[in-house]
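Novice: this one's structure only:
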């Protein structure tokens, strides 16, 4: 019975995770990283997600989970991310989101004061959206 209840709760959480606009989905992904919620972050990524970051490539959700997710969570928890500009374009079942962000805090003994860009491509799945692709880049703020 306990397993049934857990499965029901996870099913409802998955439906709720997908019931959002592309912008809300992207914000929910970053909120999950900041909260340290790996499971939530993974529900917002397509299994085929491709992530480009600092010249590295993760070619699937599971590859990202195995390589950079833990570090991205640690970084998100240690810093504050603020979206400076947000642009969104919908084309059928695809959405392209372009964000300019500021990130501040301290991570691994270093002060972080950076500006960055994020390109996200999302795909509509049922009533919600999942991330197909991220491309992140950043530099020190002037």
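Specialist: That came through, no problem. Remember, predicted model here, so these are calculated numbers, not experimental data.
Novice: contacts, neighbours, all on C-alpha from now
Specialist: Fine.
Novice: now the helices for this protein?
Specialist: For the chain, applying DSSP state H gives helices covering 2-18, 22-35, 38-43, 61-67, 69-78.
Novice: least reliable of these going by mean pLDDT?
Specialist: Lowest mean pLDDT of those: helix 2-18, a mean of 46.
Novice: buried sites along stretch 34-41?
Specialist: Using 16 or more other Cα atoms under 10 Å as the burial criterion, the residues of stretch 34-41 that qualify are 34, 36, 38, 40, 41.
Novice: hang on, residue 58 packs against residue 69?
Specialist: No - the criterion here is Cα atoms under 8 Å, and residue 58 misses it with residue 69 at 10.3 Å.
Novice: for the most centrally placed residue in the chain, what are its contacts?
Specialist: Per Cα atoms, centre = their mean, the C-alpha nearest to the average position across the chain is that of residue 29, at 3.7 Å. Going by Cα atoms under 8 Å, 6 or more residues apart in numbering, residue 29 touches 40, 41, 44.
Novice: excluding its backbone neighbours, what's nearest the last one?
Specialist: Right, residue 44. residue 130 (5.0 Å; Cα to Cα, 6 or more residues apart in numbering).
Novice: cool, residue 115 as well?
Specialist: residue 102 (4.5 Å).
Novice: ok, that neighbour - contacts?
Specialist: Neighbours of residue 102 in contact, by Cα under 8 Å, 6+ apart: 81, 82, 83, 84, 113, 114, 115, 116.
Novice: Just the buried ones among those, please.
Specialist: Buried among the contacts of residue 102 (16+ other Cα under 10 Å): 81, 113, 114, 115, 116.
Novice: quick one: contacts for the residue lying closest to residue 64 once chain neighbours are set aside?
Specialist: Closest residue to residue 64 in three dimensions, ignoring its sequence neighbours and counting by Cα to Cα, 6+ apart: residue 58, at 5.3 Å. Listed by Cα under 8 Å, 6+ apart, the contact set of residue 58 reads 50, 51, 52, 64, 67.
Novice: Sounds good, over and out.
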